[in-house]
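>>> Show me how the following folds:
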Amino acid sequence: MNKKIVIIPMVAIIIITLVGLSSNEPTEKKNIAFHATLADPELYADGEYTDTFTIEQGEYYFRFVPNGSSPKVLSITISGNSFEYAEDFKRVGTPHQTGISEYYTWDYDGQKNITISETQQISISINPNGETVGSVSVDILEN
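Here you go, the predicted model:
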């Protein structure tokens, strides 16, 4: 068997694989200013999750990872030296049909965008309104 016949296809496969891998580079990661995964009722003191963190000046937005057992209403308040925010996020399900079944994807509706005018330490309070058994992740990401 001629070595050129074997080597040329192998080199072509390697080149195609390398080009494919380089085009699948991850997109720029969003800067995460805050993250909490609330999956245990013990994370809530007196029915609320609270935390304090420093946030830089800029534009941010909330991202949630809920499921069907997540709280129906998630009340979030944030306060800092020059910033106050309060929102009652309501869980909404979007039905999806397949040929043999129906399933839902979940999100929270509410004002998700916030603007921080100066770097500051802020306090966040997340109130699941009595529904501490369902899990939800809450992120504040930089725009």
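
>>> tell me which element the most centrally placed residue in the chain falls in.
Among the residues of the chain, the smallest C-alpha distance to the mean C-alpha position (CA atoms, centre = their mean) belongs to residue 63, namely 4.1 Å. In this structure, residue 63 sits in strand 58-66 according to DSSP states H and E.

>>> Strand partners (parallel or antiparallel) of that strand?
strand 113-116 (antiparallel), strand 136-142 (antiparallel) (DSSP bridges).

>>> Residue 37 is nearest to which of those strands?
strand 136-142 (4.6 Å; CB to CB). Where you see a C-beta, it was placed from the backbone N, CA and C, and this is true even at glycine.

>>> now what about the closest one, what contacts it?
Taking CB atoms under 8 Å, 6 or more residues apart in numbering as the criterion, the residues outside strand 136-142 that touch it are 30-39, 55-56, 58-67, 70-71, 74, 76, 114, 126, 128.

>>> Just give me how far it sits from the chain centre.
Taking the mean C-alpha point of strand 136-142 and that of its whole chain, the gap between them comes to 5 Å (CA atoms, centre = their mean, to the nearest Å).

>>> Which residue or residues pair with residue 116 through a beta bridge?
Listed beta-bridge partners, residue 116: residue 58 (assigned using DSSP bridges).

>>> what's it in contact with, if anything?
Per CB under 8 Å, 6+ apart, neighbours of residue 116: 55, 56, 57, 58, 59, 60, 80, 83, 122.

>>> and those residues, which are buried?
Neighbour-count burial within the contacts of residue 116 applies to 55, 60, 80, 122; the criterion is 16 or more other CB atoms under 10 Å.
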